[in-house]
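Asks: quick check, what structure comes out for this input:
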Amino acid sequence: MATARSVAAETPSQNGLLANGRRRAIIEHVTPQIDGGRFPIKRIVGDVVVVEADAFADGHGALVCYLRYRKEDTAEWTDVPMASLGNDRWQAKFTVGELGRYLYTVQAWVDHFASWRHDLEKKVEAGQDVTIELRIGAVLLSEMSQRATGEAATKLKTWSEQLAAAMTRPDYSPGAGGEGSRIIRASTSGSPQPNPLPEGERIGSSSETLDALIALALSDELAALARRFPDRRFATTNDVELVVVVDRERARYSTWYEMFPRSAAGEPGRHGTFRDCETRLAYVAAMGFDVLYLPPIHPIGQTYRKGRNNALPVAAGDPGSPWGIGVAEGGHTAIHPELGTLDDFRHLVARVRDFGLEVALDLAFQCSPDHPWVKEHPEWFVWRPDGTAQYAENPPKKYQDIYPLDFESDYWQDLWGELERIVRFWIDQGVRIFRVDNPHTKPFSFWEWLIAEIKKDYPEVIFLAEAFTRPKLMHDLAKRGFSQSYTYFAWRNTKDEITDYFEVLTGSELKEYFRPNLWPNTPDILPEYLQYGGRPAFMARLVLAATLGASYGIYGPAFELFENQAVAPGREEYLDSEKYQIRCWPIDRPDSLKDFIARVNRIRRENPALQRDDGLRFHPVDNEQIIAYSKSTPDRRDIILTVVNLDPHHTQSGWGQLWLEALGLDPRQPYQVHDLLTDARYLWHGPKNYVELDPRVVPAHIFRIRHRVRTERDFEYYL
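Replies: I've put the predicted structure just below:
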């Protein structure tokens, strides 16, 4: 004979299924979230986070679904009711108003009060006797009064007693008895309002009295109190508390200019200094940049120092590569003596701010053979059988002037701590932006830890990942905390390549955590397109970078002077690369692109649509050499249409087809396109329009679309 078993005895733990058996709501597919909540999404101060979830329950009870959020360093949650989108999908939103980390989750439960109210309303409409329902409501209100406080608790207790006194009458129907129907007064929202009984009046069975109780039960005021004091005992909460990392605006929208301080002297043969850099600030600011990125500024080792064009042996006077960091006198917290002193650097940081810019400093966690750590901490390096330290290699290439750090060392924790100390040292000098060299060659867990530790104290710090590697690695680094990331933009040249790549960047899950920073050139990369396209190629790539991405950068003055000589055919390295020698740049050359760059950057500053990566849409053109795409703000008040001739050698023309409805434009109305590069204006009609671009003049249009708006006074103006 079977014996009864205790349910409690079967409960494996307090977190087991049986322990949660009265939690009826199911929550699934909460978005946005990255890898099941393992990594945070990213937002900017002031952004609205839109959260959706599937939520449902058994039976026909009313489901209530709430979005909950809080700042990570506060204990109290803020609840936002989620609206039904249909098909058990729910949505709500919240604004992230401060730097730092926010938590958010979704909670749902079967709400007995809402279910009761809904059923009561239906029975009243059907003319059924509802006195028993009113007594059931009395119990719900009594329980609610115990959850409430102050005046609300007193009011709920009184109303509970009134509902409990409802008596059954066989001949009752709502509103019967003449004047009774007038006791239920509709509010402006259409919901009945309470008509409290006069104090001391006996609650009887008249239709007038029962109608008053129904009005009370269905009132907006009672519904509002029910929302304030819900019964959450059996609420289901999403398994994972999701995280939003909130950065400052510059993490999303920034314009970078890379410059070697040692080449800032302005005269041949002299090593530049930080004071020379200060004389360049007006030049950089006039072009409209807001971040001045400096390659490593530390002492450069002598052992295996590389000569001009990466040659060995080094010639006398060759300055070496700034990425070969460290001499016996100092390493990553020291200043290369020919640049100046630490005080000179701090002075430069302050002067940069005076021009509306910020300094970004290179973090290159590697050492020259002369770095103090090689002797002081040999345990942080890999040693070969011949007793020498392992240098960096990418066979057949050898980088004898660089020793990688051994992150598998038994003393890895000490190494991590020292690298964190370096970052904090430069923060103390006023640096808040770091470009990280080759982060994919260090453990990803290290970056996740380091960035989180720094942002606890300095949430305004920005980290840019310089990782030209496989996509999954680049994406994982962004998940681990990097604020911005380099991209494959330098190698995306055709219309199909550009379209496919940016549709992935802006239209997939990547948009939640991967912020692209587009660079048409770097000291390491001179793309083939720039080598053979001449001045028009540089102009086209600048427009593409500046309008496709909210953040972009150039390596100058090589870019504005369209430096295009490669070290050898088929190679992407510069001839006479500034990485290995000092260059004297003729920045006042009359054919410089500095004025064109300034105009493009001014367009970016004046048009919010170009300061975001969302809102990007590509539009068909019947010529594969012409690409067209638009960006718009969410309210469509700023709409930018960019058209670029990708052929740097020939005039190209074609008919474009705009998705007018997607841009919020009425296809029946004309609209003006204002070319912000040339100041030309055109009145277009309909989706199909003609464009023609001569690369020898300007290889691109940046149109601001101005559309007609009709005011209440029937006055039309262009927005």
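
Asks: the bottom helix or strand of this protein by mean pLDDT?
Replies: The weakest-scoring helix or strand in the chain, judged by mean pLDDT, DSSP states H and E, is strand 185-186 (a mean of 31).

Asks: kindly state the domain boundaries assigned to this protein.
Replies: Annotated domains of the chain cover 25-110+236-246, 113-228, 617-718 [automatic domain parsing].

Asks: to Leu348, which of the ones you listed lies closest?
Replies: Shortest distance between Leu348 and the domains of the chain, using Cβ to Cβ, is found for domain 25-110+236-246: 25.6 Å. To be clear about C-beta, it is placed using only N, CA and C from the backbone, and glycine gets the same treatment.

Asks: what mean pLDDT does that closest one have?
Replies: Averaged over domain 25-110+236-246, pLDDT sits at 97.

Asks: re the thing from before, can you redo the domains of the chain as CSV with distance to Gly317 and mean neighbour count?
Replies: Output for the domains of the chain, formatted as CSV (distance: least, Cβ to Cβ, whole Å; neighbours: other Cβ atoms under 10 Å):
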stretch, distance to Gly317, mean neighbour count
domain 25-110+236-246, 46, 17
domain 113-228, 77, 17
domain 617-718, 38, 16
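
Asks: out of the ones you listed, which is closest to Tyr283?
Replies: Here domain 617-718 is closest among the domains of the chain (Cβ to Cβ), at 21.5 Å.

Asks: follow-up on the earlier one: determine which of the domains of the chain approaches Phe446 most closely.
Replies: Of all those, it is domain 25-110+236-246 that lies closest to Phe446, at 15.6 Å by Cβ to Cβ.

Asks: any idea how far apart the tips of that closest one sit?
Replies: 31 Å (Cα to Cα, to the nearest Å).

Asks: from the chain's centroid, how far away is stretch 65-83?
Replies: Distance of stretch 65-83 from the chain centroid (Cα atoms, centre = their mean, to the nearest Å) equals 20 Å.

Asks: what about the stretch 151-300 of the chain, any weak spots by pLDDT?
Replies: Scanning the stretch 151-300 of the chain for pLDDT under 70 picks out 167-207.

Asks: the strands in it, which residues?
Replies: Assigned by DSSP state E, counting those that start in this stretch, the strands in the stretch 151-300 of the chain fall at 185-186, 192-193, 236-237, 242-247, 254-258, 291-294.

Asks: and of those strands, who's closest to Ala490?
Replies: Per Cβ to Cβ, nearest to Ala490 of the strands of the stretch 151-300 of the chain: strand 254-258, 13.6 Å.

Asks: what's the closest one in contact with?
Replies: Residues from elsewhere that reach strand 254-258, judged by Cβ atoms under 8 Å, 6 or more residues apart in numbering: 284, 287-295, 360, 462, 484, 517, 519, 522-523, 546, 550-556, 601, 604.

Asks: tally of neighbours for Asn521?
Replies: Neighbourhood size, Asn521 [other Cβ atoms under 10 Å]: 26.

Asks: contacts only, for it.
Replies: Asn521 neighbours (Cβ under 8 Å, 6+ apart): 490, 527, 530, 554-555, 558-559.

Asks: can you rerun that using 10 Å?
Replies: Applying Cβ atoms under 10 Å, 6 or more residues apart in numbering, we find Asn521 in contact with 258, 490, 527, 530, 538, 541-542, 545, 553-556, 558-559, 562-564, 572, 574.

Asks: repeat that for Gln581.
Replies: So Gln581 contacts 260, 262-263, 306-309, 315, 317-321 (Cβ under 10 Å, 6+ apart).

Asks: need the max-distance pair from these.
Replies: Checking those with Cβ to Cβ, the most distant pair is Phe260 and Ala315, at 18.9 Å.

Asks: more neighbours: these two, which one.
Replies: Each of Phe260 and Ala315 has its neighbours counted (other Cβ under 10 Å); Phe260 has more, 25 against 9.

Asks: buried residues in stretch 286-295, which are they?
Replies: 287-295 (16 or more other Cβ atoms under 10 Å).

Asks: the closest residue in space to Gln429 that isn't next to it in sequence: neighbour count?
Replies: Distances taken as Cβ to Cβ, 6 or more residues apart in numbering place Arg346 nearest to Gln429, at 5.6 Å, with adjacent residues excluded. Using other Cβ under 10 Å, Arg346 is surrounded by 15 other residues.

Asks: wait, Arg346 sits on Arg353?
Replies: No - counting by Cβ atoms under 10 Å, Arg353 is not a contact partner of Arg346; they are 11.2 Å apart.

Asks: got any residues that touch both of those two?
Replies: Gly430.

Asks: and Ala700, how close does it get to Leu510?
Replies: Ala700 sits 26 Å away from Leu510, going by Cβ to Cβ, to the nearest Å.
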